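Chemist: Need coordinates for the below:
(2 chains)
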Amino acid sequence: MKINRVISSIIEFIRGLSVTFWHLFVPSVTLQYPRQRWTVSDRYRGLERLAVDEEGRERCVGCCLCAQMCPSNAIKIVTGEGKDYNKEVISFEIDIARCLFCGLCVEACPKNALSMTGEYELACYNRAGMIYTKEGLYKSPDVTRYKK
Amino acid sequence: MITLTIDNKKVVVEDGATILAACEMAGSKVPTLCHEKKLLSFGACRICLVEVEGTRTKFTPSCTTPATDGMVVKTMTEALIKARRTILELLLISHPLDCPVCDKAGECSLQDLVYEYGVSGNRFKGIKFTLPVDHISPLIERDLNRCILCGKCVRICDELQGVSEISFVNRGMRTKIGTDFDRPLDCEFCGQCISVCPVGALTSKLFKYKARLWELENIPTICPYCSNGCTLILGIKDNQIKTITSHDDIGINEGNLCAKGRFGYEFVANPLRLKKPLVKRDGKFEEVDWDEALGLVVTKFNEIKTDSGANSIGALGSARLTNEEIYLFQHLIRQGLGTNNIDHGGGYSYQGLIGLKESLDYPASTNSIHEIRETKAILLLRADLNETHPNIKIEVNLAINRHQARLIVADNKRIKLSANVASNLIYKPGTELTLINGLINLLIKNDLINKDFIKEKTTGFDKLLSCVKKYTPEYVEGICEVNPQDLELAARVYAEAEKACIIVTCGMGLCGNNRDIALAASNLALLTGNIGKESSGVYILPEKNNSQGALDMGAVPGFLPGYMPVDKPGYSAFQMLEAGKLKGMFIVGENPVMTYPLPDVQKALESLEFLVVQDMFMTPTAELADVILPVGSFAEKEGTYANLGKRVQKLKKALLCHGETKSDLEIFIDLCQRMGCEITTDNNPLTSFIKEESNPLTSFIKGEFAGEDKPWKNNNWKGKFIPVESDEIKTDRDELLLVSTGSHLYSGSLSAWSPHLLEVKGEACVEVNYKDAKKIGLDAGDPVKISSKNASIKLKARLSDNIPEGVAVVETHPLLNVMVLFGQKMMPIKGKIGKE
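Modeler: Numbers count the residues shown, from 1 in each chain, chains lettered A, B, ... in the order given. From the prediction side, this is the model:
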């Protein structure tokens, strides 16, 4: 009885090792993160960005629907009267620390001004850095990255 | 009564009610765009269609069709939904879909209906209008491209405001709402058109692009301007007032507001507001903390009290404080400092109410505001309501337009309400008493008086009889320059109406005979038995939001709170401001340098040893102070205001304190404690203070409607006839008779700090007749120097047909003290106008 147990445990041990051994010949799936980067899907919901139209004008008209839809009150918009009596967006802030990346703001936008990018590296050194202003949202996102 | 069936539900409505009213009663929602409860039915939009069984037409517009007995109405069928959807599609042909930038989005009736009826596309194609947007008119922006031609703005401007500034222009497809020749608006800027516009065609410039309507927190509170006591709804976002709106079902104003109520909120967020207590050291103000400032106030006042006695300290309150604050202020002055030298409003602005107290034993308007609209005759005695109490003007317009009331205007110039009067009495300024005595004489002569009422309910008729004997129409014509036929007509109109009321305004900026005018008005009302009836009586319209409360709470030298007699009356405001009389003064919320008719106020205040000013802004009076205590505005405090109908209404705290300011109440409580006067404080100081004393105030403050115990309900009550007369003022040929008119709401304490209101108000002007102007050689807009024996000031000339010859009307202005011309008596005065 004892010998049987020893033999079966050795067999199991070899079987287990064989799985490990077999994996030496399978290509690796782990990303070596700071040095290697993941290409996200087109539908990935990362950092928001604001868009301009074909003539380079800001698409956002400051209707505040995104701010209204936001479940975590992450968006703050201040509007006022600009040149030629038109509506001007004075400031547009998204607090990424509060954002859930649910995408409701993008769905609400009637002007297709707001969209989500594949940007997911949003860590930064202080809370103030988590607040993205209008300038930052119109440019390509300015995010903190690992550098060699 | 009519019984009809609506959506299988039986309802009973009054005769003459429309189907729409019946539907509302039955709880069936019928959409409307052009219907407004306070306006007459119009039937422009056709969205309120319903199906009525047994009629020849398929659909019936419910807002214009009267309900009839046995009607069977359906409000929501497939066919109706289809028809309404078509109407919406037709409206959307020309309506721009700029909801993301439209300030009406969120409260837009069209937007709501389009969403409710699921109109997502449009089967019709047409052009959108490209009319120019009116950016020039102050305060109101008109974008006619968004207009759906419901006509509400036109109707409210005409029916309630009586201004008729805008109307339908052109016909057919090109119809639009506009002014004559498309000029910019030049009206009262009440903004009533904005409040009824169902879409974003008319919007407020102050709110333009400031916030979206759904972001605002709506807090109802009471207006800080006139004594009507309208309820404002403050739209708050980020601790700032973004807009002011109104609601038809909240407050006594039924959703109506005037320019100051709707647009006069800018002073709250004015960057010039004081934030910290200031103490003057070596001629310069230094910011200090509250403890130091209040400590200094107490030690200085105590020093003066021990050195020269309590009577060398005086205090001026303000009719803009809440009841609680005024009560505590007079408590502080009387108990803490031990003097009766307390007054407000120059000591004369409340005299009209005192006059009513003397004759009727009731120091307030005798009836409530809404009773005006059902009266049959109205005598406006020196009451330019468009300028002073715009919401009372609405009541007068309602009485004339809906209840066939007849209007008599007695004023020293042609006013806007003079347009549809039965009799227009333009008298020589300052001769009001002669005019009323003349009317009384005519009533007695023509036997138009109510003899039973005089016998049972009044005393002193004989005295009045002997007094008015000499005031024959001819004599009155000699003094007042009023046509005897007009006078006779006015007497008949007033006396023959079954219900008639008299409306008098009083306050700073008007002639100083407030008490006498009130007595004359009450004589007239008593003579015709118009006291103690519904929709009649005498309305004394005081100046400021809490003028009534300031008097009730005893901020006067002669009365304690609740009109209890005082042992030794203190100095009145004018006496206090005589140079050398006082050593220390405490001025709260008043600006004597700018608003009092005394030329030497500045000198008197400079000669004081110690002056404390409690105000929101650095006013010319505050600049003379030794200590300035900054306070919160109406939106930053709680309390109650009493309006002219003695209705006590609560203020709500809507904003956090501005900087380090405190409310007046907090300051008074602190000072009371430091001065060692006894107070008990709990959460609501007012109730705890007033509970202590078993005085009439307790009942005053208990209910929201005070004043239900009107003295004439008591059988033993008797009204007193108190005859009043005045001296004649004579002018030479080359002189003009100067008179000031109340433009109360621009008295300056709040409006001077609201830039957009000042824009509407324009420059300080003197108004003269064209003929006089020709004699002097004046053109419109010329700078002139106007001088009386008291002072001389520089103004702009305005020429007008509304002013009788020989008279020059000086309007009060927020940025200029015109009252100095008139001197302490405040009566019309001889003066000269010369080109500058």
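
Chemist: CA only for contacts and neighbour counts going forward, please
Modeler: Noted.

Chemist: For residue 44, which non-adjacent residue is closest in space?
Modeler: This is for chain A. Nearest in space to A:Tyr44, with sequence neighbours left out and distances taken as Cα to Cα, 6 or more residues apart in numbering or on different chains, is A:Gly118 at 5.7 Å.

Chemist: my bad, the chain I had in mind was chain B
Modeler: Counting by Cα to Cα, 6+ apart, B:Cys150 is the residue found nearest to B:Ala44 once chain neighbours are left out, at 5.7 Å.

Chemist: Mind checking what secondary structure the nearest residue to B:Lys830 once chain neighbours are set aside has?
Modeler: The spatial neighbour of B:Lys830 that comes closest, neighbours along the chain excluded (Cα to Cα, 6+ apart), is B:Leu737 at 4.8 Å. Of the three states, B:Leu737 takes strand according to DSSP: H, G, I helix; E, B strand; the rest coil.

Chemist: in whichever strand in chain A runs longest, what counts as buried?
Modeler: Once chain A is assigned using DSSP state E, the strand that runs over the most residues is strand A:87-95. By neighbour count on 16 or more other Cα atoms under 10 Å in any protein chain shown, the buried set for strand A:87-95 is A:Lys87, A:Glu88, A:Val89, A:Phe92, A:Glu93, A:Ile94, A:Asp95.

Chemist: got the contact list for the residue nearest to B:Ala44?
Modeler: Taking Cα atoms under 8 Å, 6 or more residues apart in numbering or on different chains, we find B:Cys150 in contact with B:Leu33, B:Cys34, B:Ala44, B:Cys45.

Chemist: Determine which two of those residues are furthest apart.
Modeler: Taking Cα to Cα, the two most distant members of those are B:Leu33 and B:Ala44; they sit 8.5 Å apart.

Chemist: Of these two, which one has the most company?
Modeler: Using other Cα atoms under 10 Å in any protein chain shown, the more surrounded residue of B:Leu33 and B:Ala44 is B:Leu33, with 24 against 19.

Chemist: Show the contacting residues for that one.
Modeler: With Cα under 8 Å, 6+ apart, B:Leu33 has these contacts: B:Cys45, B:Ile47, B:Ser109, B:Leu110, B:Cys150, B:Pro198.

Chemist: Is it in a helix, a strand, or coil?
Modeler: Per three-state DSSP, the local secondary structure of B:Leu33 is coil.

Chemist: Distance check, it against B:Leu88.
Modeler: In this view, B:Leu33 and B:Leu88 are 11 Å apart by Cα to Cα, to the nearest Å.

Chemist: who touches both of those two?
Modeler: Shared contacts of B:Leu33 and B:Leu88, defined by Cα under 8 Å, 6+ apart, comprise B:Leu110.

Chemist: can you list the residues of chain B near chain A?
Modeler: Chain B comes close to chain A at residues B:Pro100, B:Val101, B:His135, B:Lys208, B:Tyr209, B:Lys210, B:Ala211, B:Arg212, B:Glu215, as judged by Cα under 8 Å from any Cα of the partner chain.

Chemist: What's the ChimeraX line that selects buried ones from those residues?
Modeler: A single ChimeraX command is used to select the members of those judged buried by 16+ other Cα under 10 Å:
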select /B:100,101,208,209,210,211,212
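
Chemist: Max pairwise distance over the residues of chain B next to chain A: which two?
Modeler: Applying Cα to Cα across the residues of chain B next to chain A, the maximum distance is between B:His135 and B:Glu215, 25.3 Å.

Chemist: Identify the residues contacting the nearest residue to B:Pro31 once chain neighbours are set aside.
Modeler: Once flanking residues are discounted, B:Pro31 sits nearest to B:Cys48: 5.4 Å by Cα to Cα, 6+ apart. Residues near B:Cys48 by Cα under 8 Å, 6+ apart: B:Leu20, B:Val30, B:Pro31, B:Thr32, B:Pro61, B:Ser62, B:Cys63.

Chemist: Surely the last one and B:Leu20 touch.
Modeler: Yes - at 5.1 Å, B:Cys63 and B:Leu20 qualify as touching, with contact defined as Cα atoms under 8 Å.

Chemist: measure the residue nearest to B:Ala44 to B:Leu91 for me?
Modeler: Plainly put, B:Cys150 is 11 Å away from B:Leu91 if you go by Cα to Cα.

Chemist: List the contacts of residue 70.
Modeler: Picking chain A for this. Counting by Cα under 8 Å, 6+ apart, the residues that A:Cys70 touches are A:Leu104, A:Cys105.

Chemist: that's the wrong chain, I meant chain B
Modeler: Taking Cα under 8 Å, 6+ apart as the test, what B:Gly70 contacts is B:Ile2, B:Thr3, B:Leu4, B:Thr5.

Chemist: can you list the weak-confidence ranges in chain A?
Modeler: A:140-148 (pLDDT under 70).

Chemist: Just the helices from it, written as ranges.
Modeler: A:2-23, A:65-69, A:104-108, A:134-138 (DSSP state H).

Chemist: Quick check: which of those is nearest to B:Leu750?
Modeler: Nearest to B:Leu750 among these is helix A:65-69 (34.7 Å), distances taken as Cα to Cα.

Chemist: Who are the packing partners of that closest one?
Modeler: Secondary-structure packing of helix A:65-69 (3 or more Cα pairs under 8 Å, 6 or more residues apart in numbering or on different chains; DSSP states H and E): strand A:75-81, helix A:104-108.

Chemist: repeat that with 7 Å
Modeler: Under the contact criterion of 3 or more Cα pairs under 7 Å, 6 or more residues apart in numbering or on different chains; DSSP states H and E, helix A:65-69 touches helix A:104-108.

Chemist: need the contact list for B:Ile392.
Modeler: Taking Cα atoms under 7 Å, 6 or more residues apart in numbering or on different chains as the definition of contact, the neighbours of B:Ile392 are B:Leu385.

Chemist: Is it within a helix or a strand, and which one?
Modeler: Following DSSP states H and E, the helix or strand that holds B:Ile392 is helix B:390-403.

Chemist: Dihedrals phi and psi, B:Gln614?
Modeler: The phi and psi values for B:Gln614, taken as degrees, to the nearest 10, are phi -110, psi 110.

Chemist: Tell me the confidence at it?
Modeler: Residue-level confidence at B:Gln614 comes out at 95, pLDDT.

Chemist: Kindly report the same for the one 5 residues further on.
Modeler: Per-residue confidence (pLDDT) for B:Thr619: 92.

Chemist: what do you get for the one 5 residues further on?
Modeler: At B:Leu624, the model reports a pLDDT of 94.

Chemist: sorry, back to before: which one of the contacts of B:Cys150 is nearest to chain A?
Modeler: Compare each of these with chain A using Cα to the nearest Cα and the shortest gap goes to B:Leu33, at 24.2 Å.

Chemist: how far away is that closest one from B:Arg46?
Modeler: From B:Leu33 to B:Arg46 the distance is 8 Å (Cα to Cα).

Chemist: show me the contacts for the closest residue to chain A within the stretch 101-250 of chain B.
Modeler: The stretch 101-250 of chain B approaches chain A most closely through B:Tyr209 (4.9 Å), counting by Cα to the nearest Cα. B:Tyr209 sits next to A:Thr79, A:Gly80, A:Glu81, A:Lys87, B:Asp103 when contact means Cα under 7 Å, 6+ apart.

Chemist: re earlier: from the helices of chain A, which stretch is densest packed?
Modeler: Scoring the helices of chain A by mean neighbour count under mean count of other Cα atoms under 10 Å in any protein chain shown gives helix A:65-69 as the most buried, with a mean of 20.

Chemist: give me every residue that touches the spatially most central residue of chain A.
Modeler: What sits nearest the mean C-alpha location of chain A, by Cα atoms, centre = their mean, is A:Gly46, with 2.2 Å. With contacts defined as Cα under 7 Å, 6+ apart, A:Gly46 is in contact with A:Phe101, A:Met116, A:Thr117, A:Gly118, A:Glu119, A:Tyr120.

Chemist: burial count for whatever residue of the stretch 551-700 of chain B ends up closest to chain A?
Modeler: For the stretch 551-700 of chain B, the residue closest to chain A is B:Leu655, as judged by Cα to the nearest Cα, at 19.3 Å. Burial of B:Leu655 is recorded as 21 neighbouring residues (other Cα under 10 Å).
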